[in-house]
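> here's my sequence, what's the structure:
(chains A and B)
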Amino acid sequence: MAEELFLEALKREYEERKREKTTPHFRERAWERFQTLGLPQKKEEAFRYLPLTQMYLEAVDLTRADAQKEAISSTLKETTCALFAGELLMGILPKNVQLLSLEEGVKKFGHFFQNRWAQQLEKEEDPLALLNLALHRGGLFLYIPPDCSVDLPIHCLFPLQNSFNRVVIFVGARASLNFISRTLGGRWNSTVFDIALDTSSQFNHLHLVSLQEEAEHFDSFRVSLKQKSSMRSFSLNFGAKVARQDFQVQLLGEGAEVDLKGLSLLEKKRHVHTHIVMDHQKKRCRSLQKFKTALTDFAQTSFSGKILVREEAEKTEAYQLSSNLLLSDSSIANMRPTLEIFTDDVKASHGATTGYLDKEQLFYLKSRGLSTEGAKRLLVSAFCTEMLQDLSPAFFSKMSRALVAEFLENLC
Amino acid sequence: MLEIRDLHVETKDKKILQGLNLKVLKGEIHAIMGPNGAGKSTLAKILAGDPTYAVTEGVVLFEGKNILEMEIEERAHCGIFMGFQYPIEIPGVTNLQFLLTALNAHKKAKGEEPLSEEQFLPLLQEKMALLQIREEFKERSLNAGYSGGEKKRNEILQMGVLEPKLAILDETDSGLDIDAMRTVASGIHRLFSQERALILITHYQRLLEYLQPHFVHILVDGKIVASGGYELAKELEERGYNGRRALP
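Reported below is the predicted structural model:
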């Protein structure tokens, strides 16, 4: 019953979007594929730990806007742009960069989109990502031309909204980009970050997610890396009723490198569910997945990460680490690391840990005068430290530290 | 300053302290010596409030207040400090961050304004110089990857910053080479005053040579079996603990 109502809401949205002339062909095909796959089900590994019934019980209301556009416009003095209910609001834009609405992007770079979306339609197995392609209300396209180095970050806000958004980024050969995406709210959101990194390009991404407690939020990252390109990504997530982050990273060219890191700090009944497929397709690529979560109260998290090393991908180095710190007896953490390796001469490993605060450390700190809360706070901060230092560029560390400090201030 | 009366302590059905009495006054340095397993470290941990031990009988009065009813941090705020035999490693917390947080926790308990990092640094610098601790230790993780000697020196640095009234140093001298021992001993000596008191738990006479305790107690099987002046330590060095077992 819940599922039917949910599907009906999606269908209404689809009928609405279908009339848009921009990319009808892809919308239809994505909608069809979504219907074949159906809504995510508990029995599927990728969705096993999500509170799906609760999700479907609350029908998506995509007609509601929770914020005033004017309020958002005032924040644009310090940022590059904001995506508000499908509309791209421009702030300060560095030189040489093309920042377009998705509609303009598709018109101007039609060939790129044709190829990219055709491939995604064929290969995408995630119903939520497919829904996004069918139902996206708008989005942005960021084009960094070859050899262009954008040191100042492109800072994009995703303020309160209820919609499907699409962010497509192309970093040209030997170009580099620092990108900050900051999600600030919304009752129900799905954002796909579709990132194409050309030969020898560099992409540094800081993804900050601060949502209301009752929000449902779905981020999908679809990344492709060509030869010798590199991505360093750090997600700082404070969770929501449901917050899912789904990464599918394809290392398509020799010598490509990926550092995928995430820190989640969860209180109350907040959730973060992380799903990763690191797909090594070519030789001599390196990848690292490192995710940490500290949970208190009734918070929940899950981490399901796969390292896939295909036949051609000799001399791969792939590592995965996940660890959870439980600060209450009622918090729950599930982990499922997977390795699928189809070739020899590979260095690959995974490690997963879950634990409570160390009693000896607590005693030590308290014997020096710290209150129980103060000692806990310091130990949680110690748990986070490793993730926050050495982020590149350095201001990613600074921004993240400030948000973590704010969270810790209110902890316990 | 400190009065322990008929203290009995046990853990998991094993009796460790069995009727211990001790009185420490301001300006005094006491040494507690004794064979392994006698209960020396337990005594230190009990004073600091380690929850893994259960006090079954007795009282411990510090400046007239029964500390056994106090939380661990309250004891620290009253001015009790234990130097750990095995200092705990906490990767991810810098020494500076830890020391400032600890000092500010004490200030808060006293109703004083907390110090900023800028205000704290000169104070820290002074104490680090006293113990010949290198500058880089400010930014290093608390005890993580330190050598035995570095950890012990760091304990004394904490004592220097927190300025407790009573410090119980549990085998602070073990793991120190001769030079480090001299530095640490001279640090302890300079941090000591007639307003404070010290309890040194040790196996060796060397630290005592530097610090010249007013009293030496021998702890065997959970009881103090002999007390005397510094000469008792010298006697032990020659004859060992044999013949000093508690009577059944």
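> quick one: contacts for the residue of the stretch 151-300 of chain A found nearest chain B?
Nearest residue of the stretch 151-300 of chain A to chain B: residue A:292, at 11.0 Å (Cβ to the nearest Cβ). Quick note: C-beta positions are derived from backbone N, CA and C, even for glycine. Residues in contact with residue A:292 (Cβ atoms under 8 Å, 6 or more residues apart in numbering or on different chains) are A:262, A:263, A:264, A:322, A:323, A:324, A:325, A:383, A:384, A:386, A:387.
> what separates it from residue B:48, distance-wise?
Separation of residue A:292 from residue B:48 (Cβ to Cβ, to the nearest Å): 31 Å.
> over to residue A:220?
To residue B:48, residue A:220 is 51 Å away according to Cβ to Cβ.
> which element is residue A:36 on?
Assigned by DSSP states H and E, residue A:36 falls within helix A:24-37.
> mind listing what's buried along the helix or strand following that helix?
Note on helix A:24-37: by DSSP H and E, the next helix or strand toward the C-terminus is helix A:52-57. Counting neighbours by 16 or more other Cβ atoms under 10 Å in any protein chain shown, one finds that the buried residues in helix A:52-57 are A:52, A:55, A:56.
> which one of those residues sits closest to residue B:221?
residue A:52 (63.2 Å; Cβ to Cβ).
> my read: that closest one touches residue A:40, true?
Yes - under the criterion of Cβ atoms under 8 Å, residue A:52 makes contact with residue A:40 at 6.2 Å.
> quick one: residue A:315 and chain B, what's the gap?
32 Å (Cβ to the nearest Cβ, to the nearest Å).
> and that residue, that's in a helix?
No - using DSSP: H, G, I helix; E, B strand; the rest coil, the secondary structure at residue A:315 is coil, not a helix.
> count the residues that sit near it.
Residues lying near residue A:315 (other Cβ atoms under 10 Å in any protein chain shown) number 16.
> quick check, the residue of the stretch 151-300 of chain A closest to chain B in a helix?
No - assessed with three-state DSSP, residue A:292 is strand; it does not lie in a helix.
> look up the residues forming beta bridges with it.
For residue A:292, the beta-bridge partners are residue A:263, residue A:323 (DSSP bridges).
> helices of the stretch 1-150 of chain A, start to end?
Using DSSP state H, counting those that start in this stretch, the helices of the stretch 1-150 of chain A run over residues A:2-18, A:24-37, A:52-57, A:69-73, A:102-108, A:110-123, A:127-135.
> mind telling me which of the ones you listed the model trusts least?
With a mean of 67, helix A:69-73 has the lowest mean pLDDT of those.
> now the closest residue to chain B within chain A: closest residue in space that isn't a chain neighbour?
Here the residue of chain A nearest chain B is residue A:382; by Cβ to the nearest Cβ that distance is 3.2 Å. Leaving aside its sequence neighbours, residue A:382 sits nearest to residue B:92 (Cβ to Cβ, 6 or more residues apart in numbering or on different chains; 3.2 Å).
> count of neighbours near that neighbour?
Neighbours of residue B:92 under the rule other Cβ under 10 Å: 20.
> dump the residue contacts of it.
Residue B:92 touches A:381, A:382, A:383, A:384, A:385, A:386, B:141, counting by Cβ under 8 Å, 6+ apart.
> is it true that residue B:194 lies in a helix?
No - counting by three-state DSSP, residue B:194 is located in no helix; its state is coil.
> how close does it get to chain A?
For residue B:194 relative to chain A (Cβ to the nearest Cβ), the value is 24 Å.
> need the nearest residue in space to that residue, chain neighbours excluded.
Nearest residue to residue B:194, sequence neighbours excluded (Cβ to Cβ, 6+ apart): residue B:27, at 4.1 Å.
> surely residue A:344 is in contact with residue A:316?
No - if you go by Cβ under 8 Å, residue A:344 and residue A:316 don't touch, sitting 10.4 Å apart.
> I'm done for today, thanks for sticking with me.
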